[in-house]
Structures are given as structure tokens and as C-alpha cells.
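Undergrad: Have a look; sequence and predicted model below, questions after that.
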Amino acid sequence: MIAELGLAILWMAAALAALQLIAGSLALRPEGRALIGLVRPVAVMQGVLVLVAFAALITLFVTTDLSVKLVADNSHSAKPLIFKIAGTWGNHEGSMLMWVTIMAVAGAVVAVIERRLDEATLIATLAGQAFISLGFYAFLLFASNPFARLAQVPEEGQGLNPLLQDVGLAFHPPTLYIGYVGLSIAFSFAVGALVTRNVGPAFARAMRPWVLGAWIFLTVGITAGSYWAYYTLGWGGWWFWDPVENASLMPWLAATALLHSVSVLSSRDALRTWTVMLGVLAFSMSMVGTFLVRSGILTSVHAFAVDPQRGAFILALLAIDIGGALALFTLRAGTVTEGKRFAFISREAALVFNNVMLCGILGIVLIGTLYPLVTEAYGVKVSVGAPYFNPAAAIFAFPMFAVMTVGPLLRWRKDRLTGERSARTTWPLLVCAGVGLAVFAGVELAARDITILPALGLAIAAALLPASLLPLVGRNLRRTPLPVWGMVLAHAGIAVSLFGMASESAFSVERLAALSVGEARDVGPWTVRLQGIMPVAGPNWTALEATAAASYAGAAPIMLHPKAETFTNPPGTRTESALSTRWNGQLYVVLGEHGADGRWQMRFWWKPFVPLIWIGGAMVALGGLLALAGRVFADLRRFIAKAKIAVRRVDQGR
Amino acid sequence: MPRALIKPKHQRLVLVLLALAALIGAGLLAAWALSRQASYFYIPSDLVARPPEQGRAVRLGGMVEKGSLKTMPDGVTIHFTVTDGKAEVPVRFSGITPDLFVEGSGVVAEGRMDGRSFVADNLLAKHDEKYVPREMKDMSAAQAKQVVAQTK
């Protein structure tokens, strides 16, 4: 019953999206003015209905209704509750329903709260949003119905892939999806502004919180996903340049560029066309990511189903949405008037440079990700990995980091490198550059076997961290606006994260050993002793658990418990690594197989400063949050002030 | 008007040219780096007939030959032979093998040639029923065909 209801509600929501598109498009013409009041309520209602449909699917998973195909294929009655709920989106159909849900709810929120934008642009934006949503509704209803019933009800469900049975599943996909789909709002704003030829600061100010919000969620999602892969896959790596990871990195790069150009547009009224183009590009990258992940042309934990029909469907959606937006862009770009100009040495110019560098990295990642698919069409199988991505991306990333140290200190519009004001910042900057050079020289002299990329990364991180704090120098810290704090924190987070990455690749120590019980091995400053192996059991798995005593530089040992888990529903195994975190790094222990001679294979890594990678990521996200909070508070204050003035006017009018 | 501010039309042109130059640069760089760094997929008979240069990263896919798997005294290095029925390549690997890595089943090894043998950095085996390395999917289908042909 719930399944049929959910499906019916989904159809109704799709119908409302169609109504929203038609009413929105008609309302933009003079003869359709009467329909203008219809668009906002319809958008809100559509969001509510989709939310109900999504809740219906969650209910089916929680109650493990095995007559529903999706539940029978992906769930199991013995699964812990949190994985029953999270399992709703741990599969193709459920994740697409979540996608549509976020899209519709975001549209509803825009319809409710957005009041500053002129009404015509807002209506065009909501129509654009409905247009994209409709494609995904069609995809859900015709090619991946989550509510399909089974003719024969099975005894028990097939369960969830063991790799996905982790708290990470409860947070990683929803955050990433909110990020991907949040960019659809930016896309719709860009389309709306192009349709009404109204690209300017007002449009940028309306779009900015959405870009910022989506970007924060993407940052959190990528950081969390990276840590999840790090501790659950047992390979000791935190980024694999897997196509699916790239699929999340590309929208993040585009959104980072968009975030900066939209702030130029809103405060300086420059970079109009560029911002619109990035708005289109950012969501296009989300769609490309979805296509890569959901079409089944990739094989990975993220690719749920191999069904060519779905791939073709998403490819068609991709072509219609991106092609349409680019066509509109080409037609209308000429009518977008030139914004304010700026000099070669100015904050705008630094931002443009970094925008271009971000697009360069994006190009490198996109080409590297698509290349294997292209060659495979010609019968040549290749794989592209870190040896390509790391140096090619670094060629763009390192100049960008260099400009990042200076950019926030430059003035808007036009700055000079001489004079009293610039002299005040020159010395601190030179000190930062000196720190960077010293670190580089030190690394090169002390450890010759460290390759050039990690050495450069360490040096640039050492220079970037103090430089990113410089915008605070000479300010009254109490009266510094929140967005400035946000910028400083996010830039410092980039430096921290970069330091973690470079340190991990420069100084990691790996040991692989077959140990008898009681035997010990050294790894870096640690000594790890295998003390025993015990069988243990969980709710839906059994495991062998090792007890390893790890002591750092002769200190009292810490007990670590790496596990090798075996699942029965569906059959599968998972290695659960054990981590010991210190301020200066992390020890990573994995239990392998039982050898024929009775010894146990074990693998150890000592990774100096590796947690900084994710701490830096969290700082970047927190910086974004501060900036967003600052903007929203400012808006609220303005709103309240306006309301007060209005009340006073009414009072005086009496 | 200060001279440092470029004319409006020119500023837009400069921006467009800059962006284009960067994108073309990225494209050229990507093409050049891919031609050097992409790792090609080989089956044993290709690897024997046209061996890649020593030290270049490649991937080798085939079946682990029955009876060829030997563990060295250190307990973590294994030697085995990968075959496609026509040619054989000896492989050396140090590390924890994937769970479904057994003799007689398929494997994709990432690594490089060292002399006549292949040194693997990483082994990809069939993870479970649903997640199979892309190369291996076709391979097992081809092999199934081969087996059918042999039994006729």
C-alpha cells in the first residue's frame, strides 16, 4: 500500500513540476501575467510531495517490506536500523529519488524565501529548476522506479554490500547529493538571469548563499568520503583518483571558482558573463558525475547497476540540459553588458587568475577521467592514475597557491606595488616566502629521496599558512566581519590540508610482515607486537580480531584491534583497519590472511601528519559556514530593519 | 580615465583569450601526460609478443594458473603465473591479497615488467558477485566461450 501511494505521489509531484515549468514560462510573457502567482505555491507543493514519497521509501526500508523489489534486492531484516535507513539511498533507484527530493525541496525553499530578486528572474529560475527536475522525474518513473513490486515475495532480502555498511553511508551520500543538487539552483539562477537579461549584483547576491551552501556540503562530502575510503578499504590511501572520486572533485573545483567569481560580481559588479558561465559549468559537472557513476560505464562500489538503457537516458538528459543552457548562453552572452573594469594588479585579477587555474585543474581531471572511456571505444584498455593526475594538476595548483598568498591583500579594482600601504604587507609576505624557501631547502638537503612534488607541497603549505592569516593583520578583530574570518579560515584550511597530503606522500613508512603470535615489528617510531587472534561476532557478521600492542618510541603500549570481517548477506568480506592517532600522525594496522605456516599477514603504516588532510578539509568547510552565516545574518538584519521602518511608517501614517 | 584600466572591449577580450589559452594549455598538457602516463591493459599473450618497456606502469589480466601459487619464506611475497591459455607470465607480489584471489580464478595485476617477470603493486580480484574489474568482465566471458569451444 505504501509503495503504491509513494509512486502515486511521485507522479503527482512530476505533474506539478510540469505545471511549474508551463506556468513559469507563460508568466514571463505579457499575456500570461495572471499565472505569476501560481509558480511559487506550485514549487512549494512539489517539494512537499516529493518529500512524502521519499519518506514512503524510507518507511518501506525500515519495515523491510520484501514485496518491494528494491528492498528485497538491497536490504535484510537482520540489518541494524541505521543501515536500513541509510540503505534507502545505498542503491541506484533510492539514490536517484534522493536526488530528485533534494532538487525539489531546494526549489521550494527558493520559492519561499527569495524576495530580493526581481520577480521575473525568480519565476524564470523556478521554471528552469522545474525543467531540470522533469528530466529526473522521467528517469525515475520510466527507467528506475524505486517502488516496483515483486510478483513473488522472497523469504529474505539480499542485504547491503558490506563495504557500504558503515556510518559513513548515513552521511557521505546525502551531503554530496545536497552539494551536487544545490548547484542546480545556481544553474537555474544563471538560466533565469540569462532569460530575463538581468545579470548583475542583485542576481549574484541571490545566488551566492546557494553556491556557498552547496560548496560547503560538497567539501564536507568529499572530506568525509576520503576518510571513509581511507579507513575502510585497508589500502592506506586517502585518494585514488578513482573516476567516482573525480566525479565529486570536478563539481567542487567548478563551485570553488564560481564561489569566488560570484562574490566579485556581487560586490564589484565585474565578471558578469564569466559568473554565468561558471554557474552553468558547475551543475554540468554534477551531471557528468552522475552520468559516470549511475550509467554503469564504470565498475566500482559507487556504480550500482549495469544497465545500458539508464546510461543512455542520463546521457540524453545531460545533452538536453547542458546543451540547452549552453545554447541559451551563446544566444544571450552578447546581451550581457560589460561589468566594471579592473587593472592587471587588483584583487579581481588575482581571482580571475585563480579561477582560470581551477578551470585548468578541472580540465586535467575531466580529460583524465574520460580518456579510458574514449580509448575503450576504440578497443584499447587503459587506466589513468596518480602518475598522470598528480603532476598535471600540480602544474596549475602550485601557481594558484602562490597567487592565493597575495590575492586577499590586494585592493579591489586597482592596486600598486609601491607606496606606504603595500610596504606594510610586503615584509610579512617576504617572510612567508622565506619560510617556504627554507622548508624547501631543508627538505631537499635533509631527505634527498623525497620527490619534487611533496617537497614543493610542504614548502608552499608552510608559506601559505602564515600568509593566509595576513588579511587579519591591522584589523580590529572584534569588528572583522564573519565572511573575512571565513575566508581566512578556509584559506588556512587549504594550507593545512596541503601540508597533510605532502607529508603523507613524503614521509609515510610501510611495513608488510607475516607475524607469529608474540612477534613484533618496527614501523617508523612504533613497535607493534601481535598478541593474539580472537574470533568475534557482530549483528550480521563474524570476524577474526587481532590484538596488537603498539608502543610509540618505547612508551606504554596501546591496544589496537584490526578485524577481518565476513558477511553472509550478501556474502562478502571487509577489512576493518585499526588506527592510532597522535598529534604528529597516525598508525594504521591491517590484518591480512592466515598463512599455511601459521603466521598472520599484517600490514602497518606510519603516516606523519596525515589527519591534517581531513582537519584542513573541515576547516575549509567551517570557513564556508562562517561566510554563509555572515551573509545570512546581514540579510536578516536588513530585512528586520526594513520591516521596522515599514511599521513605523504605518504608525506615523495614522 | 587612468591608463592602467584597459578599454572595456579589450578587457573582455583579454579575459576570454586568457581562459582559452589556459584551457588549451590544460588540454595539451593532458594529452602529453596521458601519452606517457596512461597504463595500458595487457593479456599474457600480448605481453609476451609485444612487451612494454621496462618499468612502465601497465596492467596485466588473466587467470591465476592452478598449482603456480607459491608463498616465499617471508610470508608476504607470493609468486604465481598468470595465463590466458596461450602464454604465461610469472608474477611477483608483496602484500595482502584480495579476498577472492585464488588459483584458477581471474585477476588484474597493476605493476610493471622487471626482466621477464611482472612485479605487481596491486592485485584486483573479483570483489564479489556485483563488483568485477572492468577488464575482467569481458575476459571471463571470452574465457567461458573458450571453455565451451574446448569441450565440444
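TA: Thanks, I have the structure now.
Undergrad: Which segments of the chain make up each domain?
TA: Chain wasn't specified; assuming chain A. If you go by automatic domain parsing, the domain ranges for chain A are A:1-162, A:416-507+A:611-644, A:509-608.
Undergrad: other chain: chain B
TA: Listed domain ranges for chain B are B:1-38, B:41-151 (source: automatic domain parsing).
Undergrad: and the first one, how far from the chain's centre?
TA: Shown here is domain B:1-38, whose average C-alpha point lies 33 Å from the average C-alpha point of the whole chain (C-alpha atoms, centre = their mean, to the nearest Å).
Undergrad: Quote the end-to-end distance of stretch A:106-125.
TA: With C-alpha to C-alpha, to the nearest Å as the measure, stretch A:106-125 spans 12 Å from end to end.
Undergrad: got it, and stretch A:573-586?
TA: From its first residue to its last, stretch A:573-586 covers 24 Å (C-alpha to C-alpha).
Undergrad: Could you list the buried residues of it?
TA: Applying a neighbour-count criterion of 16 or more other C-beta atoms under 10 Å in any protein chain shown, the buried positions in stretch A:573-586 are A:573, A:574, A:575, A:576, A:577, A:578, A:579, A:580, A:585, A:586. C-betas here are computed from N, CA, C, even on glycine.
Undergrad: Those residues into TSV, with extra columns for secondary structure and distance to chain B?
TA: Below are the buried residues of stretch A:573-586 laid out as TSV (DSSP: H, G, I helix; E, B strand; the rest coil; distance: C-beta to the nearest C-beta, whole Å):
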residue	secondary structure	distance to chain B
A:573	strand	4
A:574	strand	9
A:575	strand	8
A:576	strand	13
A:577	coil	11
A:578	strand	14
A:579	strand	17
A:580	strand	19
A:585	strand	22
A:586	strand	19
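Undergrad: And those, which is closest to residue A:30?
TA: The shortest gap between residue A:30 and any of the buried residues of stretch A:573-586 belongs to residue A:574, at 62.6 Å (C-beta to C-beta).
Undergrad: ok, that closest one touching residue A:565?
TA: Yes. Using C-beta atoms under 8 Å, residue A:574 is in contact with residue A:565, at 4.7 Å.
Undergrad: where do the contact lists of these two overlap?
TA: A:162, A:541 (C-beta atoms under 8 Å, 6 or more residues apart in numbering or on different chains).
Undergrad: Where do the strands of the stretch 251-400 of chain A begin and end?
TA: A:382-383 (DSSP state E, counting those that start in this stretch).
Undergrad: Please list all residues in contact with residue A:83.
TA: Each residue near residue A:83 by C-beta under 8 Å, 6+ apart is listed here: A:90, A:160, A:164, A:165, A:169.
Undergrad: Out of the domains of chain B, flag the one nearest chain A.
TA: Nearest of the domains of chain B to chain A, taken as C-beta to the nearest C-beta: domain B:41-151 at 2.3 Å.
Undergrad: hang on, residue A:309 packs against residue A:143?
TA: Yes. Between residue A:309 and residue A:143 there is a contact under C-beta under 8 Å: 6.1 Å.
Undergrad: Neighbour count for those two, which is higher?
TA: Each of residue A:309 and residue A:143 has its neighbours counted (other C-beta atoms under 10 Å in any protein chain shown); residue A:143 has more, 17 against 12.
Undergrad: residue contacts, the more buried one?
TA: Counting by C-beta under 8 Å, 6+ apart, residue A:143 touches A:309, A:310, A:313.
Undergrad: The second one and chain B, how far apart?
TA: Meaning residue A:310. Look at residue A:310 and chain B: by C-beta to the nearest C-beta, to the nearest Å, they are 16 Å apart.
Undergrad: Find the residue closest to that residue in space, skipping its chain neighbours.
TA: Among residues not flanking residue A:310 along the chain, residue A:143 sits closest, at 5.4 Å (C-beta to C-beta, 6 or more residues apart in numbering or on different chains).
Undergrad: those strands in the chain, which residues are they?
TA: Here I'm looking at chain A. Using DSSP state E, the strands of chain A run over A:382-383, A:509-515, A:520-523, A:526-537, A:541-552, A:558-560, A:563-568, A:571-576, A:578-582, A:585-594, A:600-608.
Undergrad: try chain B instead
TA: Ranges of strands in chain B, per DSSP E, are B:39-42, B:58-64, B:70-71, B:77-83, B:88-94, B:106-114, B:117-125.
Undergrad: Take the ones you listed and lay them out in CSV including distance to residue A:114 and mean neighbour count.
TA: Shown next, in CSV, are those (distance: least, C-beta to C-beta, whole Å; neighbours: other C-beta atoms under 10 Å in any protein chain shown):
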stretch, distance to residue A:114, mean neighbour count
strand B:39-42, 49, 21
strand B:58-64, 51, 23
strand B:70-71, 65, 14
strand B:77-83, 60, 20
strand B:88-94, 58, 18
strand B:106-114, 50, 20
strand B:117-125, 48, 18
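Undergrad: Please identify the most buried of the domains of chain B.
TA: Of all the domains of chain B, domain B:41-151 carries the top mean neighbour count, a mean of 17, counting by mean count of other C-beta atoms under 10 Å in any protein chain shown.
Undergrad: OK, contacts around the residue positioned nearest the centre of chain A?
TA: Among the residues of chain A, the one closest to the centroid is residue A:218, at 2.2 Å (C-alpha atoms, centre = their mean). Residue A:218 sits next to A:175, A:176, A:179, A:180, A:248, A:251, A:252, A:255 when contact means C-beta under 8 Å, 6+ apart.
Undergrad: now swap in residue A:632 and tell me
TA: When contacts are counted by C-beta under 8 Å, 6+ apart, residue A:632 touches residue A:209.
Undergrad: Ok, the one 3 residues further on next?
TA: Residues in contact with residue A:635, defined by C-beta under 8 Å, 6+ apart, are residue A:116.
Undergrad: Could you report the distance from it to chain B?
TA: Going from residue A:635 to chain B by C-beta to the nearest C-beta gives 30 Å.
Undergrad: ditto for residue A:387
TA: Plainly put, residue A:387 is 4 Å away from chain B if you go by C-beta to the nearest C-beta.
Undergrad: swap in residue A:214?
TA: Residue A:214 is 23 Å from chain B, by C-beta to the nearest C-beta.
Undergrad: What's the per-residue pLDDT of the residue nearest to that residue when sequence neighbours are not counted here?
TA: Spatial nearest neighbour of residue A:214, chain neighbours left out: residue A:182 (2.8 Å); criterion: C-beta to C-beta, 6+ apart. Turning to residue A:182, the model gives it a pLDDT of 90.
Undergrad: Next: residue B:140.
TA: Confidence at residue B:140, expressed as pLDDT, is 52.
Undergrad: Keeping just the C-alphas, turn stretch A:642-654 into PDB.
TA: Only the C-alpha atoms of stretch A:642-654 are listed here, as PDB (Å, rounded to 0.1, in the frame of the first residue of the first chain):
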ATOM      1  CA  LYS A 642      13.100  47.300   6.600                       C
ATOM      2  CA  ALA A 643      10.200  45.700   8.400                       C
ATOM      3  CA  LYS A 644      10.700  48.100  11.300                       C
ATOM      4  CA  ILE A 645      10.800  51.100   9.000                       C
ATOM      5  CA  ALA A 646       7.600  49.900   7.300                       C
ATOM      6  CA  VAL A 647       5.900  49.500  10.700                       C
ATOM      7  CA  ARG A 648       7.000  53.000  11.800                       C
ATOM      8  CA  ARG A 649       5.700  54.500   8.500                       C
ATOM      9  CA  VAL A 650       2.300  52.800   9.100                       C
ATOM     10  CA  ASP A 651       2.300  54.200  12.700                       C
ATOM     11  CA  GLN A 652       3.100  57.700  11.500                       C
ATOM     12  CA  GLY A 653       0.500  57.400   8.800                       C
ATOM     13  CA  ARG A 654      -2.100  57.100  11.400                       C
END
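Undergrad: And the average pLDDT for that stretch is what?
TA: Rounded mean pLDDT across stretch A:642-654 is 83.
Undergrad: Now do the contacts for the residue positioned nearest the centre of chain B.
TA: Nearest residue to the geometric centre of chain B (C-alpha atoms, centre = their mean): residue B:59, 3.2 Å. Residue B:59 makes contacts with A:381, A:383, B:39, B:40, B:41, B:42, B:108, B:109, B:110, B:111, B:135, as judged by C-beta under 8 Å, 6+ apart.
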